[in-house]
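J.: take a look and give me a structure for this.
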Amino acid sequence: MAEAEARWYVAHTYSGYENKVKADLEKTIENRHLEELIQDVRVPVKTEIEIKPDGSRKTVEKKLFPGYVLVNMIMTNDTWYVVRNTRGVTGFVGPDGKPVPLSENEMSNLGIASTTEEVKVDFEEGDTVVVTVGVWKDTEGVVKSMNYAKLSATVMVNILGSEVPVENIPFLELRKVVQ
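T.: Predicted coordinates for the structure are as follows:
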C-alpha cells in the first residue's frame, strides 16, 4: 500500500477559540504520539499597524479566518476523531461536514508551501550532532527522531549521567559531528 501524504484541512471552531484549539490539538498530538499523522496546526494571521487616537502606533496580529484552524494531516478515522473531538472544534469544512483537503492553488494563495518540498540535512537519526545556538549551544547528542513538517529534531543529550530527550531543536541549529 502506498504511504498516504498529509494534506491541509480546515477545521471550524467557535469564534475566539482558534488559538486554544491549536494549543489543545498540539498537546493531544504530543500525548498520543500522532506527530507523523497530524503534522502541523496553524491559525493564519496578518500583522497590521494600528494608529491610536493619540498618534501612537501599535502592531497587532489579526486572524485571517476567524473561526477556522488549518490542520496538515493524513486523514484516518483516528486523526478525524482527534481533531473533531478537540474542545472548541465544531467540525470540518466540507459537504455535510466531511473533510475536503485544500487544493495546491488554495494553499499557495494562503502562503503555505507545498508539503512535497524536500528538506536536505547532513545528519540522520542515530548521528551525533552539536547544537550551534541557544541555551543548548555546544551540547552534543544523538538524533533520536526528525520531524520534517516542523523542520526540527529530538536529540538525546547526557545530563548528569542520564540520557534526556530535548525536543523540537530546529534543523538549522544542529551540525553533524564528524568522527
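
J.: who touches stretch 38-52?
T.: 6, 18-19, 22, 25-26, 29, 57-65, 69-74, 79, 82-83, 110-112, 115, 147, 149-150 (Cβ atoms under 8 Å, 6 or more residues apart in numbering). C-beta here means a position set from N, CA and C on the backbone, and glycine is covered the same way.

J.: okay, and which of those residues map to strands?
T.: Members of the contacts of stretch 38-52 lying in strands (criterion: DSSP state E): 57-63, 69-73, 147.

J.: buried subset of the contacts of stretch 38-52?
T.: Using 16 or more other Cβ atoms under 10 Å as the burial test, those include 6, 18, 22, 25, 29, 63, 65, 69-74, 79, 82-83, 112, 115, 147 as buried.

J.: now Asn105: phi and psi?
T.: phi -60, psi -50 (degrees, to the nearest 10).

J.: and it, what's its pLDDT?
T.: Listed pLDDT for Asn105 reads 77.

J.: how much space between it and Gly88?
T.: 29 Å (Cβ to Cβ, to the nearest Å).

J.: kindly report the same for Val177.
T.: 44 Å.

J.: of those two, who's got more company?
T.: Neighbours were counted for Val177 and for Gly88 using other Cβ atoms under 10 Å; Gly88 has more, 19 against 13.

J.: which residue, neighbours along the chain excluded, lies closest to the more buried one?
T.: With sequence-adjacent residues excluded and distances taken as Cβ to Cβ, 6 or more residues apart in numbering, Gly88 is closest to Tyr17, at 3.7 Å.

J.: burial count for that neighbour?
T.: Tyr17 has 18 nearby residues by other Cβ under 10 Å.

J.: alright, I will stop here.
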